[in-house]
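**Student:** okay, predicted coordinates and the sequence, questions at the end:
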Amino acid sequence: MKENTNKLKETAQGMTVVFGAFAVFVLLIGAVLPLLDFIKSGDLFETVFFKYFGAIVCFASLAISFIIMSKSLYKISKEGNPFSEKNIKTFKLSGKVISHGGFLGSLISNSCKFRLNGTDTVEWEGFGFGLMIGGLIIVMFLELLRYGSKVQDELDTIA
C-alpha cells in the first residue's frame, strides 16, 4: 500500500509540473499572438480588443483551469489521497472554468464580429466550442468519480 501511495505522489508531482507548464504555454500564446498582430497593424483598440478578445478569454480560462489542476495535483502529491471530496470538487471547478470560458469566449468573439463589420475575429475554428465540450466531459467524468467514491466509502463503512 505504501508503495502505491509513493507512486501516486510521484505521478501527481510530475503532472503538477506538466499542468503548470501548459498554463505558462497557453498564457504565452494568448499574449504573443495579439501582440504580433498589433505590431503589424499598429491599431491597438481595433486589432487587439475586438479581434482577439474572445480568443484571449478562451486562453485565459484554459490557463486558469490548468493552474487549478496543478494546484490540486500538488495537494494530492503531498497528501496522497486523490479521491477526497475536496479534490473532486476542485477538478470539477476546473472543468466548469474551461466550459464557461469557452462559451464566453465564443460569445464575445461572435459579438465582436458585428463591431468589425463582418471581419473575422480570431477564434480558431471552434476553439471555444471545443472548450465547452471538453469542460462538460471533465465535469461528467468527475461526477461519475464522485459517485464511485461515495459508493466506496459506503462499502468501507459496511466492511
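**Tutor:** Yes, it's here. Numbering: from 1, shown residues only.
**Student:** state the pLDDT value of the closest residue to S99 other than its chain neighbours.
**Tutor:** Counting by CB to CB, 6 or more residues apart in numbering, the nearest residue to S99 once its immediate chain neighbours are dropped is G135, at 2.7 Å. For every residue, glycine as well, the C-beta is placed using N, CA and C. At G135, the predicted lDDT confidence score is 89.
**Student:** OK, contacts around G135?
**Tutor:** Taking CB atoms under 8 Å, 6 or more residues apart in numbering, we find G135 in contact with S65, G95, K96, V97, I98, S99, H100, G101, G102.
**Student:** what is the neighbour count of the fifth one?
**Tutor:** The number of residues packed around I98, counting by other CB atoms under 10 Å, is 28.
**Student:** what are the phi and psi angles of N81?
**Tutor:** Dihedral pair for N81: phi -120, psi 100, per degrees, to the nearest 10.
**Student:** chain center to the least confident helix or strand in the chain by mean pLDDT, what's the gap?
**Tutor:** Counting by mean pLDDT, DSSP states H and E, the weakest-scoring helix or strand in the chain turns out to be helix 2-41, with a mean of 74. Computed by CA atoms, centre = their mean, to the nearest Å, the chain-centroid distance of helix 2-41 equals 10 Å.
**Student:** continuing past that helix, what's the next helix or strand?
**Tutor:** Downstream of helix 2-41, the next assigned helix or strand under DSSP states H and E is helix 52-79.
**Student:** list the buried residues in that following helix.
**Tutor:** If you call a residue buried by 16 or more other CB atoms under 10 Å, then helix 52-79 has these buried ones: 52-70, 72-77.
**Student:** tell me what it is packed against?
**Tutor:** Contact partners of helix 52-79 among helices and strands, from 3 or more CB pairs under 8 Å, 6 or more residues apart in numbering; DSSP states H and E: helix 2-41, helix 85-115, helix 127-158.
**Student:** of those helices, which stretch is the most buried?
**Tutor:** Counting by mean count of other CB atoms under 10 Å, helix 85-115 has the highest mean neighbour count of the helices and strands packed on helix 52-79, with a mean of 19.
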